[in-house]
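1. sequence plus the predicted model coming up.
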Amino acid sequence: MPQPQPHIHIVADYHLKNTGIRELAFLEVHLPSRRFRPSDYTILWDGAELPLASSTANARDTLLQFPKPWPIGDARTVQFAYDLHSATAQEGALGFSTDAFDLPAEGWTPALPQARGPFGFGGVPPNKWQLVVRVPNGFLVHASGGKEKHFVKNSDMEFRFEQTAADLNPFVVAGRYRETHQDLPGNQKLRIWSRTDVTSAQLQQAAESLSKTLLVYDSLFATRDKSRPPLWIVECPEDAGCFSQRATAYSSLLFGRSSDDSSEMISRDTILFDPRVAFAKPEALAGPALASGWLGYGQNPGFYQQQAPMSALPAFAAALALEVSAGTQIRDQIIRRALGQIPVHASPQSNDDPSVARAKSLLLFYALRERVGVDPFQKALQHMLFARRQRGFDLSDLISAVEEESHQDVGPFVRQWIKRPGVPDEFRATYSQSTATQETIAQEATP
């Protein structure tokens with residue numbers, strides 16, 4: 001809805017059946033997070049409005065208290081309606097404009113978790129359902145699902161996308177964009193959506209950087225899909241509210257300044273970019289955001305909730321790609337930036353600092369790769385991603401995969417790295433000596 005103030009109106013209908021062994025007096029639901037600034041909630045249970053209450057078991061959940069118990073075997077319909085608002089000035093908030101918006105593959109839809117208890121189950125989506133997107137006439141729309149159909153209705157357009165279980169986290173990106181096609185080696189196709197025309201020189205620079213990066217990710221994580229679906233590169237709907245705080249923080253370790261952050265993955269095949277940076281520095285376009293696609297973004301259920309150190313894995317992959325595109329000296333630069341975030345004489349409380357935790361997490365992947373060797377480490381990542389496909393993965397899965405491929409006991413090393421303050425002295429000394437050697441060579445080479 002572009003006028004009077006741009007907002008997105010959501011209506012979500014769920015057709016439910018109590019397939020359990022007892023009547024239910026209430027239902028818990030995850031409603032959109034503060035990042036989306038939801039408002040004007042209306043929740044209807046078989047057409048009758050339900051009041052909102054916070055869950056006592058989990059403050060993040062909302063409790064729907066039924067007027068009378070929900071009998072076993074009975075079908076019911078619950079409808080959620082609410083508005084999402086743009087917030088360009090709020091750090092980490094979703095931003096969009098009158099002529100473009102995006103809804104990433106997380107957080108903006110109501111989610112029905114399984115019932116609590118040792119034998120709780122539920123929240124399983126149907127085999128197929130419809131995602132309907134209504135936008136002003138002239139908008140381009142890309143969304144999850146397939147079998148797209150669209151219709152013109154007065155001054156609006158309606159797009160329908162058939163969703164399946166593979167689209168458990170739906171996404172939408174839409175706006176008055178200009179579309180440009182670009183083909184990369186290996187049958188990889190790009191769809192670039194921008195507000196202004198993109199020059200052939202800009203396309204060529206972006207294509208070369210992306211081609212090198214995709215080869216690194218395919219080698220590190222294994223090829224995503226033999227069919228090579230198109231990759232969508234879409235200009236941010238609103239620059240100031242486009243990127244999350246975490247994406248910016250990791251990018252600052254890679255590129256040196258948080259302002260260099262220029263992209264964020266909103267689905268497994270769609271990247272938002274800031275044109276002010278991306279075309280001037282195309283290697284930033286293929287940073288941690290793109291690596292997220294090869295890590296199962298949108299299909300591993302736990303990916304969005306990844307905590308340190310696993311949250312640093314996309315940044316580590318992007319760092320390896322930077323070495324290929326910009327030279328091996330990038331490695332020492334990134335490691336020194338990360339070491340600069342970690343006190344030399346760190347206190348136990350330093351691990352609670354988010355910037356320290358991010359830096360230690362990124363460095364852990366470098367240290368683990370050095371410890372077991374490049375080839376076993378690479379095979380371990382592929383092993384983990386294949387074994388945990390569509391089930392999520394955590395640190396214990398990484399440790400198990402590395403131990404199996406390297407035949408080394410790395411669990412104690414990893415846990416000590418995470419729990420002890422700072423980083424091991426020998427690791428810091430190695431890169432301090434590397435820095436000193438590089439400076440000496442540079443001085444000797446100067447006439």
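-> Good, I have the coordinates.
2. apart from its chain neighbours, what residue comes closest to Ser250?
-> No, residue 250 isn't Ser; it's Tyr. Distance criterion Cβ to Cβ, 6 or more residues apart in numbering; nearest residue to Tyr250, sequence neighbours excluded, is Ala315 at 4.0 Å. Heads up, the C-betas are built off the backbone N, CA and C, glycines and all.
3. distance from the helix or strand hosting the one you found to the middle of the chain?
-> Taking DSSP states H and E as the definition, one finds Ala315 inside helix 313-326. In terms of Cα atoms, centre = their mean, to the nearest Å, the gap separating the centre of helix 313-326 from the centre of its chain is 17 Å.
4. list the buried residues of stretch 196-214.
-> Of the residues in stretch 196-214, Val198, Gln202, Leu203, Gln205, Ala206, Ala207, Ser209, Leu210, Lys212, Thr213, Leu214 count as buried by neighbour count, 16 or more other Cβ atoms under 10 Å.
5. ok now that stretch, how far from the chain's centre?
-> Using Cα atoms, centre = their mean, the offset of stretch 196-214 from its chain centre is 22 Å.
6. what's the answer for stretch 213-221, then?
-> Worked out by Cα atoms, centre = their mean, stretch 213-221 lies 18 Å from the chain centre.
7. buried residues of that stretch, list them for me.
-> Across stretch 213-221, burial judged by 16+ other Cβ under 10 Å covers Thr213, Leu214, Leu215, Val216, Tyr217, Leu220, Phe221.
8. show me what the helix or strand containing the second one is packed against.
-> Using DSSP H and E, Leu214 falls within helix 200-221. Packing partners of helix 200-221 (3 or more Cβ pairs under 8 Å, 6 or more residues apart in numbering; DSSP states H and E): strand 178-184, strand 188-194, helix 288-294, helix 313-326, helix 374-387.
9. will you turn the buried residues of stretch 196-214 into CSV that also has distance to Phe413 and pLDDT?
-> Formatted as CSV, the buried residues of stretch 196-214 follow (distance: Cβ to Cβ, whole Å; pLDDT from 0 to 100):
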residue, distance to Phe413, pLDDT
Val198, 47, 76
Gln202, 44, 77
Leu203, 45, 74
Gln205, 40, 76
Ala206, 39, 74
Ala207, 40, 76
Ser209, 34, 74
Leu210, 35, 76
Lys212, 32, 76
Thr213, 29, 77
Leu214, 31, 76
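10. can you list these in TSV and add distance to Tyr366?
-> Shown next, in TSV, are the buried residues of stretch 196-214 (distance: Cβ to Cβ, whole Å):
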residue	distance to Tyr366
Val198	35
Gln202	33
Leu203	33
Gln205	28
Ala206	28
Ala207	29
Ser209	22
Leu210	24
Lys212	20
Thr213	19
Leu214	22
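11. nearest to His150 among those?
-> Closest approach between these and His150, by Cβ to Cβ: Val198, at 24.8 Å.
12. for Ala312, see how far away Pro354 is.
-> Pro354 is 12 Å from Ala312, where distance means Cβ to Cβ, to the nearest Å.
13. same check, this time on Asp375
-> 21 Å.
14. looking at those two, which one has more neighbours?
-> Ala312 (24 against 10; other Cβ atoms under 10 Å).
15. count the neighbours of the closest residue to the more buried one other than its chain neighbours for me.
-> Nearest non-adjacent residue to Ala312, counting by Cβ to Cβ, 6+ apart: Ser361, 3.6 Å away. Ser361 has 24 neighbours, counted by other Cβ under 10 Å.
16. what sits against Ser361?
-> Ala308, Pro309, Met310, Ser311, Ala312 (Cβ atoms under 8 Å, 6 or more residues apart in numbering).
17. by neighbour count, which of these wins?
-> Neighbour max across those (other Cβ under 10 Å) = Ala312, 24 neighbours.
18. what's the first helix or strand after the strand or helix carrying Leu84?
-> Counting by DSSP H and E, the element that carries Leu84 is strand 75-85. Counting by DSSP H and E, the next helix or strand C-terminal to strand 75-85 is strand 100-103.
19. name the surrounding residues that touch that following strand.
-> Contacts for strand 100-103 (Cβ under 8 Å, 6+ apart): 6, 8, 84, 86, 94, 96, 170-177, 195, 234-235, 237-238, 266, 272.
20. hmm, try it at 6 Å
-> Residues external to strand 100-103 that are found in contact with it (Cβ atoms under 6 Å, 6 or more residues apart in numbering): Phe171, Val172, Val173, Gly175, Pro237, Ile266.
21. same question, stretch 51-66
-> Contacts of stretch 51-66 (Cβ under 6 Å, 6+ apart): Ala25, Phe26, Leu27, Glu28, Val29, Leu31, Leu50.
22. please indicate which of those residues are buried?
-> When those are checked against 16+ other Cβ under 10 Å, the ones flagged as buried are Leu27, Glu28, Val29, Leu31, Leu50.
23. got a pLDDT number for Trp294?
-> At Trp294, the model reports a pLDDT of 61.
24. isn't Gly107 right up against Ser33?
-> Yes: here Gly107 reaches Ser33: they are 5.0 Å apart, a contact under Cβ atoms under 6 Å.
25. the two - which one has more neighbours?
-> Shown here are Gly107 and Ser33; by other Cβ under 10 Å, Gly107 has more neighbours (17 against 14).
26. deepest of the helices and strands packed on helix 200-221, which one?
-> helix 288-294 (a mean of 24; mean count of other Cβ atoms under 10 Å).
27. so what does Trp70 look like in phi/psi?
-> phi -90, psi 110 (degrees, to the nearest 10).
28. those helices in this protein, which residues are they?
-> 200-221, 245-255, 275-278, 288-294, 313-326, 329-340, 354-372, 374-387, 395-406, 411-419, 425-445 (DSSP state H).
29. out of those helices, nearest to Phe161?
-> When the helices of the chain are compared by Cβ to Cβ, helix 288-294 sits nearest Phe161, at 19.3 Å.
30. sounds good, over and out.
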